[in-house]
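Student: need a structure here:
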Amino acid sequence: MIKKNFIIIVLVLLSSIVNAVKIDGVSFKKEYTLGKQKLLLRGYSTLNYMLFIKAYTGAFYLKSEIASDQALSETPRIIQLYYFHKISAADFRNATIEMIKKNTTAVEFQKIKDQVDTFNGLYKDVKPGDRYTASYLPGHGTTLYLNKEALGTIKGSEFSKAFFSIWIGEEPIDEKFRDRLLGKK
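Tutor: Okay, here's the model as predicted:
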């Protein structure tokens, strides 16, 4: 009986290892289900601040048949970020506005400004070990989670494209981080 229970425990532990990847001590699932869509891990990376300070590590998920250069198209997607340091909600709000403005024209930004303001109201302070997850499901919107708690959903594909551009757009927060999330490096 003890031998049987030991084998079961080992098999359960092995299955969790097989279904996850680890980077800088942080585990990410290899897949998520969003609506009825199965999204697979496309890539993962750590973002360093001032070259050597780990800010956060992240993982990005897409349907397997979606090419990385189509990641901002009208397709389901998820980004999950694990934080190594405290960050205030105000810092998230400021960075979101700055990065969305870098990835949109002035006219595009004005069209989604109310959505950005509403989304910015969802942010909470994070502490080391917290995870923000953002998912986009076409027809439903972009949902922000903090440690699996849904904070709110913003409708609109234009908003979602601008928001996800922070990490995977033409002017991302870091090009190497973007390329690794998209599985290009």
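Student: centroid-nearest residue for the chain?
Tutor: What sits nearest the mean C-alpha location of the chain, by Cα atoms, centre = their mean, is Ile79, with 1.6 Å.
Student: how close does it get to Thr142?
Tutor: 10 Å (Cβ to Cβ, to the nearest Å). Yep, even glycine has a C-beta here, placed from its N, CA and C like the rest.
Student: returning to what we had before: pretty sure the residue nearest to the centre of the chain sits against Phe164.
Tutor: Yes - the pair Ile79 and Phe164 qualifies as a contact (Cβ atoms under 8 Å) at a distance of 6.6 Å.
Student: which residues are in contact with each of the two?
Tutor: When Cβ atoms under 8 Å, 6 or more residues apart in numbering defines a contact, the residues bordering Ile79 and Phe164 alike are Ala134.
Student: circling back: name the residues contacting each of Ile79 and Thr142.
Tutor: Listed contacts common to Ile79 and Thr142 are 134, 164; contacts here mean Cβ under 8 Å, 6+ apart.
Student: in the chain, which spans are strands?
Tutor: The residue ranges that make up the strands of the chain, judged by DSSP state E, are 20-23, 26-29, 31-34, 37-49, 53-62, 77-83, 131-137, 141-146, 149-154.
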